[in-house]
Structures are given as C-alpha cells and as structure tokens.
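Enquirer: sequence and predicted structure are below.
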Amino acid sequence: MKTITKKEYIMGFSEFENPILKLGTEVAKQAPAMLAYWDKDQVCKFANEVYQVWFGKSQKEMIGIHMRELLGPIYEMNLPYILGVLSGEKQVFEREIPLNSGEIIHTLVTYTPDISSKGEVQGFYVHSADVSSIKKLESDLKRSESKFKSLLECTPHAILVVNFLGEIILVNQASAKLFEYKKESLVGMKLSSLIPEYHKLLFLEQKNCSLSAEQKANLIENVIKPTGIRSDGSKFPIETSLTEVPDFEEGAVYFLVKDITWKKEKDEEIRRSLDIISEQNDRLSNFTHIVSHNLRTHSGNIGSILDFLNEAETETEKDELISYLKKSSQGLTETIEHLNFVVSIRTNPNIPQENIDLSSAVRKTLQILEREVISTKAEIRLDIQNGLEVQHVPAYLDSILLNLISNAIKYREEERTPIIKIKAFKSGQEIIFRVEDNGKGIDLEKHGSKLFGMYKTFHGNKDAHGVGLFITRNQIESLGGKIDVESKVGVGTRFTVHFQEH
C-alpha cells in the first residue's frame with residue numbers, strides 16, 4: 001500500500017472539507033501584509049487581496065502570472081533573491097515598489113522556501129510588509145539628528161550628549177577643544193571621567209525639582225563645585241546645564257559645559273579688592289584713632305601746663321613748668337614726624353624698589369648689631385636659601401630687618417643665652433622671612449590686638465618707644481606683604497613676614 005504524506009492528505013480535501021486549510025486561507029486573505037505563493041517555475045499559485053491591490057490585479061489575473069511579468073523592471077533587481085530562495089535559502093531584503101498610482105511604497109520582503117519531505121524546493125512563500133511609515137520615521141529621525149548635530153557644531157560652547165548609562169554618545173568640536181581630546185576619542189567615554197560631579201548634577205536636576213533655579217545655582221556653585229578634567233589630568237572650574245534631548249535616544253541628556261576659570265579669577269580679584277578696601281578702611285580708622293589720641297594727649301598736656309603757668313607765683317615754678325612744656329612740645333613734634341613718616345609710606349606707591357639678596361641684607365643687619373650680639377652673647381642661627389631675593393624698597397627692608405632682629409636681642413630673657421633663629425625660604429608665590437627668639441615672650445591674649453599699635457610697649461624697657469613694630473608693619477603692608485606673630489610668655493616669640501614674589 002502507498003504511504004500518503006500529511007500534506008498529500010490535507011490537499012486531498014477541498015477547501016470546505018478541510019477546516020485547517022480553510023482557516024489558513026482566510027488568515028492569508030485578511031492579513032495586512034502582502035502574502036503569496038510562487039511555484040519553482042515562478043508562477044503565482046496564491047495571492048491575497050493586499051497583493052492584488054498593490055499591483056492592480058484581480059485574483060484571476062494574479063493566478064498563473066509569472067513573477068517577471070508582474071514585477072517588470074524590479075524583477076532583475078529581485079532575481080538574486082529569487083535564485084537564492086529557490087536554492088533553499090531564506091531571503092530578507094528591502095525594496096521600493098512603485099504603484100500604478102505613482103506612489104512609491106517601501107517594503108520589507110521575505111522569501112521563505114517551500115521544501116518537500118525529500119528536500120526539494122517546490123516553490124516559495126512571499127511576505128511583503130509595508131514599512132513606509134517606519135522608513136518615514138527613520139528619515140525624519142535622520143534629518144532631526146543631522147539638524148541637531150549641525151546645531152551642536154554651531155554653538156561655541158562644549159556640548160556632550162550622554163545616554164542613560166552616563167556614556168557619551170555625541171559631542172561637538174568645542175567639547176574636544178575644551179577637554180583636549182580628539183572628538184572621536186570622547187565618544188564611548190563615561191562623562192564622570194571628564195566631570196567627576198556628573199552624577200550629583202544629574203541627581204540635582206532630576207530629583208530636586210522643588211528647588212528654585214537660584215537655589216540650584218547656589219548649591220552647584222558653593223557645594224558641588226563642578227570641575228572639568230582635561231586629557232593631561234589638569235582640572236578647571238566649570239558651569240553646566242543639562243536638558244533631556246527630544247527625538248533622540250531614550251533617557252539621553254545633553255550637557256552644556258562652560259570653562260569659568262576667567263570668572264573665578266575675576267571673582268577672586270574682586271574679593272581681594274574688597275579685602276584690600278576693607279583693610280585700608282581699618283587702617284584709616286586705626287590711623288585716625290592714633291592721630292586723634294596722640295595729638296589730644298599732647299595738646300591736653302600743653303594746655304594744662306599753660307594753665308598752671310598762668311597761676312605760677314615764683315620763677316622756680318615757672319621754670320619747671322616751662323621745662324615740662326618743652327618736653328611736651330618735643331613729644332608732639334616727634335609724634336607728628338612719626339605720623340608723617342607713616343603717611344609717606346602709605347601715599348608713595350611709586351617709591352623705587354630693587355631685587356635684594358635676602359642673605360646679604362640679613363648679614364649687613366647683623367654687622368650693624370654686632371656690638372649688641374657680642375655683649376649679650378647671643379647665638380645667631382641662620383637658615384636662608386641661597387639666591388633668595390625679595391623685591392622691596394632697600395631702606396624699608398633694612399628697617400624691617402633691623403627692627404625684628406634688634407627686638408629679639410633687646411627683649412631677651414636675662415637668665416638664659418639668647419638664641420635667635422633667622423630663616424627664609426620660598427613658599428608658593430611668597431618669600432617667607434622668620435625671626436624666632438627664646439626671649440621674654442608676649443601675652444598675645446592680653447596684648448595681641450595692640451602689638452602693632454603706635455606707642456605700645458609691653459615689657460617696661462626704658463628704651464622702648466612703641467614705634468618700631470608700628471612702622472615695620474606699615475613698611476611691609478605698603479608693598480602687599482603681611483606680618484604674623486606667635487608668642488608665649490617665658491618661651492619666646494616668632495615673627496613671620498610674608499613678602500609677595502614679583
């Protein structure tokens with residue numbers, strides 16, 4: 001008995017006798033895509049209604065038509081795929097099909113071979129889906145992306161497009177220039193390798209919507225303080241803004257990055273200017289107080305003496321009062337001279353300056369003080385970097401060194417050998433000069449605020465006038481430097497002068 005295959009069994013029934021075949025035929029007829037079956041001779045055996053409409057053929061015209069006749073000029077373009085499917089290989093390709101109406105349809109075509117149980121190709125199934133809407137969307141996206149890329153290159157600011165993983169997927173040339181990378185090298189990098197604070201900025205933008213724009217800006221500038229990192233590892237302050245990218249990869253955002261080094265420098269310059277103005281106002285207030293206090297003291301003394309002089313009855317009393325009057329007058333003259341000297345320091349910014357070798361200047365000062373050093377048996381320890389120079393007014397520097405070193409000798413502790421350490425070195429943009437002694441020391445909690453005042457003395461020395469440190473401080477600060485003091489009673493004092501390097 002002959003064995004009947006499943007397919008032969010099914011085909012032995014009419015469409016109405018075989019419910020499976022009937023169902024398949026109905027599905028094929030109602031499918032929105034073009035469905036057809038062609039035998040191995042490329043003759044159509046079945047075509048659904050969509051297929052017929054596309055080619056403007058009736059069911060009767062379609063059945064039995066050769067594929068060459070149906071496709072016309074397109075046939076030669078499809079022939080490699082036809083031969084491929086007839087050799088038993090599934091074929092998938094895209095094709096543009098012109099309709100009789102003149103409209104062009106974009107299709108995604110699949111040829112699937114119909115292989116018998118003996119392995120022979122009997123024909124092939126055609127599935128052709130209209131992907132015109134998808135193609136239009138792709139085209140629109142490409143145009144949109146092309147326009148977006150053009151806009152990126154037009155802006156002078158660095159813009160980096162980042163996906164939801166934080167990976168850079170698109171950059172402009174300004175970004176490459178800012179971070180000093182090749183443009184293609186940036187694509188694929190993690191944005192956090194260029195902007196370490198990236199995640200904080202993203203979180204702030206996406207999660208803290210309740211904050212106002214001003215609050216966000218303040219938080220970014222004063223707390224997050226974002227920085228950029230160039231290819232050489234150098235860092236620079238940046239300002240950023242981020243926005244979701246419409247019609248682009250889902251979750252993508254673009255970062256606009258600005259180098260604000262100039263802004264930070266300008267802010268720092270303004271801050272320094274304000275500090276200088278504030279300091280100058282403080283000095284002016286202090287100077288006004290000094291002038292008022294000292295002149296009032298002397299004028300008060302002179303006025304009192306003159307009152308007593310009018311009441312004096314004997315020549316002896318008059319002579320004694322005149323002697324006091326001369327001393328007060330002399331004190332007033334000295335005070336005016338000191339104040340004039342300080343004013344000249346403050347109001348003469350163009351006084352000539354020179355590059356002065358610090359080691360030589362210190363040794364010259366020690367020669368001047370040689371007698372005091374020997375008589376007090378002071379031990380001088382020098383530690384000054386070779387070739388260290390400061391730009392200063394020679395007379396001012398001589399006065400500064402003489403005052404600080406002579407004070408270290410003058411205010412020594414009588415019960416021990418004076419040890420005076422003089423050190424100078426470069427630190428960043430400053431030249432540090434330090435004089436340290438093991439003398440009496442100063443109670444800074446008690447006298448710190450008055451230490452550099454005029455006519456302020458703290459040890460009861462008869463030869464102390466309270467002018468030296470006042471003038472020294474003015475000479476240092478007049479050229480942008482500053483002076484600090486550390487001291488402990490019974491241990492010693494250390495003065496540190498900060499000279500600006502020019």
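Expert: Arrived safely.

Enquirer: low-confidence regions, the stretch 1-150 of the chain specifically.
Expert: Filtered on pLDDT under 70, the stretch 1-150 of the chain yields the residue ranges 1-32, 99-100, 148.

Enquirer: tell me where it has helices.
Expert: Applying DSSP state H, counting those that start in this stretch to the stretch 1-150 of the chain gives helices spanning 6-11, 19-30, 49-55, 59-62, 67-71, 74-86, 132-154.

Enquirer: outline the domain layout of the protein.
Expert: Domain segmentation of the chain under automatic domain parsing yields 31-130, 137-259, 266-346, 354-500.

Enquirer: weakest of these in terms of mean pLDDT?
Expert: The weakest mean pLDDT among the domains of the chain belongs to domain 266-346, with a mean of 73.

Enquirer: for residue 420, find the nearest of the helices of the stretch 1-150 of the chain.
Expert: Closest to residue 420 of the helices of the stretch 1-150 of the chain is helix 132-154 (Cβ to Cβ; 66.6 Å). Glycine gets a C-beta too; all of them are placed from N, C-alpha and C.

Enquirer: just checking, what packs against the next helix or strand after that closest one?
Expert: As assigned by DSSP states H and E, the chain's next helix or strand after helix 132-154 is strand 158-162. On a contact count with 3 or more Cβ pairs under 8 Å, 6 or more residues apart in numbering; DSSP states H and E, strand 158-162 meets strand 168-171, helix 173-179, strand 253-259.

Enquirer: partner strands of strand 158-162, parallel or antiparallel?
Expert: strand 168-171 (antiparallel), strand 253-259 (antiparallel) (DSSP bridges).

Enquirer: redo those strands as CSV? Include mean neighbour count and distance to residue 234.
Expert: Listed next are the strands paired with strand 158-162 as CSV, based on neighbours: other Cβ atoms under 10 Å; distance: least, Cβ to Cβ, whole Å:
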stretch, mean neighbour count, distance to residue 234
strand 168-171, 21, 19
strand 253-259, 19, 12
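
Enquirer: reformat the ones you listed as a markdown table; add distance to residue 45.
Expert: Converted to a markdown table, the strands paired with strand 158-162 look like this (distance: least, Cβ to Cβ, whole Å):
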| stretch | distance to residue 45 |
| --- | --- |
| strand 168-171 | 49 |
| strand 253-259 | 55 |
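
Enquirer: could I get the buried residue list for the host helix or strand of residue 473?
Expert: Element membership for residue 473 (DSSP H and E) is helix 468-477. Judged by neighbour count (16 or more other Cβ atoms under 10 Å), helix 468-477 contains these buried residues: 468-477.

Enquirer: what's the answer for stretch 149-162, then?
Expert: 152, 158-162.

Enquirer: quick one: the residue nearest to residue 306 when sequence neighbours are not counted from residue 301, how far?
Expert: Spatial nearest neighbour of residue 306, excluding adjacent residues (Cβ to Cβ, 6 or more residues apart in numbering): residue 325 at 7.3 Å. Distance of residue 325 to residue 301, computed by Cβ to Cβ, to the nearest Å: 9 Å.

Enquirer: neighbours around residue 235, how many?
Expert: 10 (other Cβ atoms under 10 Å).

Enquirer: got a list of what it touches?
Expert: 227-229 (Cβ atoms under 8 Å, 6 or more residues apart in numbering).

Enquirer: okay, those residues in JSON lines with distance to residue 136 and neighbour count next?
Expert: Shown next, in JSON lines, are the contacts of residue 235 (distance: Cβ to Cβ, whole Å; neighbours: other Cβ atoms under 10 Å):
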{"residue": "227", "distance to residue 136": "44", "neighbour count": "13"}
{"residue": "228", "distance to residue 136": "40", "neighbour count": "22"}
{"residue": "229", "distance to residue 136": "43", "neighbour count": "17"}
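
Enquirer: what is the nearest of the residues you listed to residue 106?
Expert: residue 228 (44.9 Å).

Enquirer: give me the three-state assignment for the closest residue to the closest one other than its chain neighbours.
Expert: Nearest residue to residue 228, sequence neighbours excluded (Cβ to Cβ, 6+ apart): residue 238, at 4.5 Å. The three-state assignment at residue 238 reads strand, by DSSP: H, G, I helix; E, B strand; the rest coil.

Enquirer: closest one to residue 105 among the helices of the stretch 1-150 of the chain?
Expert: Nearest of the helices of the stretch 1-150 of the chain (Cβ to Cβ): helix 132-154, 5.5 Å.

Enquirer: relative to strand 253-259, how tilted is that closest one?
Expert: On the basis of axes from the mean of the first three to the mean of the last three Cα atoms, to 10 degrees, helix 132-154 is oriented at 10 degrees to strand 253-259.

Enquirer: may I have helix 132-154 exported as PDB, CA atoms only?
Expert: Output of helix 132-154 as PDB, limited to C-alpha atoms (Å, rounded to 0.1, in the frame of the first residue of the first chain):
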ATOM      1  CA  SER A 132       6.800  53.100   4.600                       C
ATOM      2  CA  SER A 133       5.700  54.700   7.900                       C
ATOM      3  CA  ILE A 134       8.800  53.200   9.600                       C
ATOM      4  CA  LYS A 135      11.000  54.500   6.800                       C
ATOM      5  CA  LYS A 136       9.500  57.900   7.000                       C
ATOM      6  CA  LEU A 137      10.100  57.900  10.800                       C
ATOM      7  CA  GLU A 138      13.700  56.800  10.200                       C
ATOM      8  CA  SER A 139      14.100  59.600   7.600                       C
ATOM      9  CA  ASP A 140      12.600  62.200   9.900                       C
ATOM     10  CA  LEU A 141      14.900  61.000  12.700                       C
ATOM     11  CA  LYS A 142      18.000  61.200  10.500                       C
ATOM     12  CA  ARG A 143      17.000  64.700   9.400                       C
ATOM     13  CA  SER A 144      16.400  65.700  13.000                       C
ATOM     14  CA  GLU A 145      19.700  64.100  14.100                       C
ATOM     15  CA  SER A 146      21.500  65.800  11.300                       C
ATOM     16  CA  LYS A 147      20.000  69.200  12.200                       C
ATOM     17  CA  PHE A 148      20.800  68.600  15.900                       C
ATOM     18  CA  LYS A 149      24.400  67.700  15.000                       C
ATOM     19  CA  SER A 150      24.700  70.900  12.900                       C
ATOM     20  CA  LEU A 151      23.300  73.000  15.800                       C
ATOM     21  CA  LEU A 152      25.900  71.300  18.100                       C
ATOM     22  CA  GLU A 153      28.700  72.400  15.900                       C
ATOM     23  CA  CYS A 154      27.400  75.900  15.500                       C
END
